[in-house]
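K.L.:
Could you look at this predicted model? Sequence included:
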Amino acid sequence: MTDDAPRSAGLFAAAARSVSWTLGAGVIVRILGFVSTAIAARILTPADYGLVALAMSLWYLFESFFAFGVESYIIREKDPPRAVYDTAWTLNLIRGAVFAFGIVAAAPSIASGLGDERLGPMLYAVAAIAFLSCARNTGFVDYSKSLKFSYEFGAVVIGKFLSILVTIALAVSLRSYWALLFGVLAAELWHAGYTYAAHPFRPRMTLSRWRDLFSFAGWLTLGRAAFSLSVKFDAILLQKTVGTDAVGVFTVGRSVAAMPTNEMIYPVNKALFPALAKAAARGEALKSAHLEALALITSLALPAGIGLAIVAPDAVRALLGAQWDGAVPVVQMIGAGFAVLTIATNFDAVMMTAGRMQLYAWRGVIFAVLRIAVFLGGLFLYGLYGAAAGFALGCVIQAIIDTTIMNRVTGATWGDAARRIWRSLIASAAMTAALFPALAVAPEAGGGGGALMRLAVLAALGATTYAVVHFALWRLSGRPEGPETRMLFLFRTVFPRS
């Protein structure tokens, strides 16, 4: 056995190839997203983005109160019968129909209440998006359950590519916020159709197993509803307080801030829940699996979040253009918040694997109250940037609450976590120490190509410093099993020697 191979294959060995597929999909989708945003943001205005964000937030609020989480139940169960898949599909279809009808019926009143009649027609498009998102083939979940994420790759990447084509084409021709909505609609239409084309399962209408699904999904729905309410209500609060332009600046700034951490975290978490469920079915310890995932996620996402917060001015100018300079403080504050939150991003997977759904639900309620309180406090005291600071503080609070709960559920301690992530913390600090002097001496770039070149140089410096320090600390520590061995193992899994 080589030194760079993990001494126990365990969780990561089961998920390594799956992570490579989801990570590859995430990288491609994010690159495509960068291109789309860079073009559309120079054509559309912050008010356009703010209007679409407001419409989509209303959909998320509708959805959060009826998100049954039936797919999670299928993944968690060892060998669910066909009736579970059929019932899950039927419940999702009913949920989609209720969403669509409710949004269409309420559209005129919502538009009038928010003081913008343009929202009415937009919500009809949102209703179609909502229904399509609920009409996917539940048989497709088997690919996630068996860690075959190559199929998900096709659904996500091609859907994103179609979305970008539609968005850019309509942004150039119409110069209207409709470009953003129709881009989302194109992606959802592709994703729904792909699940039927890629999997032979053909669902039938039945509700015969609804009790089994609701016994698991009831608490999951409550927890997600409370959490989503606290996060997705932002756009409405901002629109009523500081206006639609501010909604656009906040939404785009938050999206940019989430880019590096989400693309590092999502692929791991996507594969983590099925892998944890398989490990639990074999009787393996949840504590060690949780700590292993924590170390890997932190090593990837923490430096990405911190790095973006440091180079935010160049990132915003290179990606969005000068009209979005107001988003820089939003990216900096929320990016730092997301960086802290990386220590708790496997919360959902741990709680669902452990079956602690009642505790999951109450956490959602408590966090919703705390987060809305700090967000409103920042908003009323300091406006848009106060709201961004409140959002970042909410991320820190969430990290503390979620980690404390996971420690209780898995038997881990803060000390256990610290021993797994200390090299990532020190390497991130070294990266920060290298970037600040570089920012001071690097030539200023007004925008466009100059900002992109400066950003590329700073990113290369930060990534190199982080990697060198991280691996140096690993070797000085005797090359213990950790994220370094996992990354080397993943590399050899994806690119095996001939």
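P.N.:
All right, it came through fine. It should be emphasised that the depicted structure is a prediction, and the values quoted were computed from it without experimental measurement. Numbering: from 1, shown residues only.
K.L.:
need the helix or strand of the chain with the lowest average pLDDT.
P.N.:
One helix or strand of the chain scores below all others by mean pLDDT, DSSP states H and E: helix 10-43, with a mean of 63.
K.L.:
Just the C-alphas of the helix or strand that it is followed by, formatted as CSV.
P.N.:
Next in sequence after helix 10-43, counting helices and strands by DSSP states H and E, comes helix 46-64. Written as CSV, here are the backbone C-alpha positions of helix 46-64 (Å, rounded to 0.1, in the frame of the first residue of the first chain):
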residue,chain,number,x,y,z
PRO,A,46,-29.1,45.8,-10.9
ALA,A,47,-32.8,46.5,-11.0
ASP,A,48,-33.4,43.7,-13.5
TYR,A,49,-31.5,41.2,-11.3
GLY,A,50,-33.4,42.5,-8.3
LEU,A,51,-36.8,42.0,-9.9
VAL,A,52,-36.0,38.4,-10.9
ALA,A,53,-34.5,37.7,-7.5
LEU,A,54,-37.7,39.0,-5.9
ALA,A,55,-39.9,36.7,-8.1
MET,A,56,-37.7,33.7,-7.5
SER,A,57,-37.7,34.3,-3.8
LEU,A,58,-41.4,34.1,-3.7
TRP,A,59,-41.2,30.7,-5.4
TYR,A,60,-38.6,29.5,-2.9
LEU,A,61,-40.9,30.6,-0.1
PHE,A,62,-43.8,28.7,-1.6
GLU,A,63,-41.6,25.6,-2.1
SER,A,64,-40.0,25.7,1.3
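K.L.:
Mind giving me the packing neighbours of helix 46-64?
P.N.:
helix 82-113, helix 119-134, helix 178-198, helix 210-232, helix 234-241, helix 244-281 (3 or more C-beta pairs under 8 Å, 6 or more residues apart in numbering; DSSP states H and E). Every residue, glycine included, has its C-beta placed from N, CA and C.
K.L.:
next one: that helix to chain centre, how far?
P.N.:
Helix 46-64 has its average C-alpha position 17 Å from the chain's average C-alpha position, going by C-alpha atoms, centre = their mean, to the nearest Å.
K.L.:
Repeat that for stretch 233-245.
P.N.:
On the basis of C-alpha atoms, centre = their mean, stretch 233-245 sits 22 Å off its chain's mean C-alpha point.
K.L.:
ok, and for that stretch, which residues are buried?
P.N.:
For stretch 233-245, the buried set under the neighbour-count rule, 16 or more other C-beta atoms under 10 Å, comprises 233-239, 242, 244-245.
K.L.:
So what's the model's average confidence on the helix ranked longest in the chain?
P.N.:
Ranked by residue count, the top helix of the chain under DSSP state H comes out as helix 357-410. Averaging pLDDT along helix 357-410 gives 91.
K.L.:
which is the next helix or strand following it?
P.N.:
Downstream of helix 357-410, the next assigned helix or strand under DSSP H and E is helix 414-441.
K.L.:
Can you name the next helix or strand after that next one?
P.N.:
Note on helix 414-441: by DSSP H and E, the next helix or strand toward the C-terminus is helix 448-476.
K.L.:
still on that earlier bit, got the angle for the longest helix of the chain vs helix 234-241?
P.N.:
Between helix 357-410 and helix 234-241, the angle comes out at 110 degrees (axes from the mean of the first three to the mean of the last three C-alpha atoms, to 10 degrees).
K.L.:
and helix 357-410, how far out from the chain's middle?
P.N.:
That offset, for helix 357-410, works out to 16 Å (C-alpha atoms, centre = their mean).
K.L.:
ok, now stretch 236-254?
P.N.:
Here stretch 236-254 is found 20 Å from its chain centre; the criterion is C-alpha atoms, centre = their mean.
K.L.:
quick one on the thing from earlier: max pairwise distance over the buried residues of stretch 233-245: which two?
P.N.:
With distances taken as C-beta to C-beta, the most widely separated pair in the buried residues of stretch 233-245 is 233 and 245, at 18.7 Å.
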